[in-house]
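Asker: what would the 3D arrangement of this be:
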Amino acid sequence: MHQIDTSVKHVRSTRVYALQPVSSLVKNERRLAAALFGMRSLDDQGRIFRISPISGYLFYCDQEKLWKNTAGRGLPTDRLDVERTGRGFLENANLSVSCDRVLRREGIAALFPTDVRLLWVGAIVPQKRSRPDHWLCQFGVDLPVDRERRARVDGAKIDLRIGADRTMLAVSSRWRSLQGDFLDTETIGIESEDALYSDAPLAVHRPRPAATQQIEKPFPALAAEASRPGDLSHGDDPTEYLYSLADENAPQTHLAPFLFRGHQHHAEQIPASTYSLCADILQRGSNHKLELLAVVRGGSGRYEYRWYYWEPHTVVEAGMAALGTGPQVNLSPGIYNVVLLVRDLATNSVIQAERSVHAEA
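Answerer: This is a model prediction of the structure:
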């Protein structure tokens, strides 16, 4: 088994990004809908606009036009045209936001990255039809690590659905705008020298202070999968250096770097800055009770814990309940979904872990 040797350390500067507080985005949801799409309300003549109150992710859809182009008329003719249209929309959206004085006072200068990376573009043909209804253009995000290196943002994706006359029919943005960026000390294993980065360099922005945000209660994800640590063998899988964007139902305050080795849910994750946190939930049963332990890596070592749980068969009626605020909590035997929120008291970085647990009486 090939493990990253974290006993050998090196120190250098790496970039950490402070995310725009979700509260400011939600507070200005109507103004953003007007700036981006000229909407008079969040539900305007078949068009809907929403911002997630937990992650700040954005969704827009014109229900009167999406999937209604049965003849496939008026669509862009090629992929390059679609990509240009998509990039033009993002640029104009940022311009509209930056021109709004109220949004600027709230610290919202732009909603989308200025330099996105094309992931995929193609015509979308509905089932039982022979002609495309619209084009789908997907962008990813890379961010500067330092003066020479860039890293991709894992989990970040912006989907644009472009219809006739290059009309924007739908936007699904798994991205939250940045409030600031600053240099942090990187202290990770020497093997990170061989980690994979994005290719194009970009000059470091002028550092700005990080903003902090309190932990908010998460929404339950009813189909959540368990996250279990263990011995992982990755063979010759390369190490990748990247930033990690949390799921839609997980609060997050910073984009901080990590080292990943492996694939999907079986990846070994190592914090690569003082703002980078990893959390797992360990389960053990004794004396007819279920013990849950928080295992946190990275950060200062001074953490605030908040536990929540719900039972799958009663979540609709009972909802989510608070469980405790220590590194260890107990439950009576049963089947539960458990959420752990951890905040670093020194950096205010937040991480969320979730697990399904089961113990017999």
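Asker: three-state assignment of R31?
Answerer: Reduced to three states with DSSP: H, G, I helix; E, B strand; the rest coil, the structure at R31 is helix.
Asker: er, L90 I mean
Answerer: Per three-state DSSP, L90 ends up helix.
Asker: return the residues in contact with it.
Answerer: Listed by C-beta atoms under 8 Å, 6 or more residues apart in numbering, the contact set of L90 reads F112, P113, V116, F139, I158. C-beta: built from backbone N, CA, C; applies to glycine.
Asker: quick check: closest non-adjacent residue to A272.
Answerer: Using C-beta to C-beta, 6 or more residues apart in numbering and skipping residues adjacent in sequence, the residue nearest A272 is P257, 4.2 Å away.
Asker: who does that neighbour form a beta bridge with?
Answerer: Y243 (DSSP bridges).
Asker: measure it to L169 for me?
Answerer: 35 Å (C-beta to C-beta, to the nearest Å).
Asker: kindly report the same for D133.
Answerer: D133 is 9 Å from L169, by C-beta to C-beta.
Asker: need the residues touching each of these two.
Answerer: With C-beta under 8 Å, 6+ apart, D133 and L169 have common neighbours L66, G163.
Asker: contacting residues around the residue nearest to A272?
Answerer: Going by C-beta under 8 Å, 6+ apart, P257 touches T14, R15, V16, V145, A151, E186, Y241, L242, Y243, A272, S273, S276.
Asker: which ones among the residues you listed map onto strands?
Answerer: Counted as lying in strands by DSSP state E, out of the contacts of P257, are T14, R15, V16, A151, E186, Y241, L242, Y243.
Asker: and which of those residues is nearest D44?
Answerer: Each of the ones in strands among the contacts of P257 was scored against D44 by C-beta to C-beta, and Y243 proved nearest at 34.5 Å.
Asker: for the closest one, the count of nearby residues, please.
Answerer: For Y243, the count of nearby residues is 26 (other C-beta atoms under 10 Å).
Asker: touching, G74 and A164? I think so.
Answerer: Yes - contact criterion C-beta atoms under 8 Å: G74 and A164 qualify, at 3.2 Å.
Asker: more neighbours, these two?
Answerer: Neighbours per residue, other C-beta under 10 Å: of G74 and A164, the larger number sits with A164, 17 against 11.
Asker: which one of the contacts of L90 is nearest R79?
Answerer: Comparing the contacts of L90 against R79 with C-beta to C-beta picks out F139 as the nearest, at 13.3 Å.
Asker: which one in the contacts of P257 is the model shakiest on?
Answerer: Here the lowest pLDDT out of these sits on E186, with 59.
Asker: quick one, strands of the stretch 151-300 of the chain?
Answerer: Secondary structure of the stretch 151-300 of the chain by DSSP state E, counting those that start in this stretch: the strands cover 157-162, 168-174, 178-189, 239-244, 254-255, 257-261, 268-271, 277-286, 289-298.
Asker: worst mean pLDDT among the ones you listed?
Answerer: Among the strands of the stretch 151-300 of the chain, strand 178-189 scores lowest, with a mean of 75.
Asker: so what's W310 bridging to?
Answerer: Note on W310: beta-bridge partners N337, judged by DSSP bridges.
Asker: what about it, distance to V339?
Answerer: Applying C-beta to C-beta to W310 and V339 gives a distance of 9 Å.
Asker: and the two? Which one has more around it.
Answerer: Comparing W310 with V339 by neighbour count (other C-beta under 10 Å), the higher total belongs to V339, at 24 against 19.
Asker: which SSE is that one in?
Answerer: strand 334-344 (DSSP states H and E).
Asker: repeat for E304
Answerer: Using DSSP H and E, E304 falls in strand 303-310.
Asker: now find how far off-centre that strand is within its chain.
Answerer: Chain-centre distance of strand 303-310: 20 Å, with C-alpha atoms, centre = their mean, to the nearest Å.
Asker: contacting residues for F258?
Answerer: F258 sits next to Y241, L242, Y243, S244, Q269, I270, P271, A272, S276, C278 when contact means C-beta under 8 Å, 6+ apart.
Asker: please read the previous query as pertaining to R50.
Answerer: Going by C-beta under 8 Å, 6+ apart, R50 touches E29, L42, L58, F59, Y60.
Asker: tell me the bridge partners for it.
Answerer: Taking DSSP bridges as the rule, R50 bridges to F59.
Asker: how about the nearest residue to G298, chain neighbours excluded?
Answerer: Spatial nearest neighbour of G298, chain neighbours left out: P271 (3.1 Å); criterion: C-beta to C-beta, 6+ apart.
Asker: hang on, that neighbour packs against L277?
Answerer: Yes - counting by C-beta under 8 Å, P271 does reach L277; the two are 6.4 Å apart.
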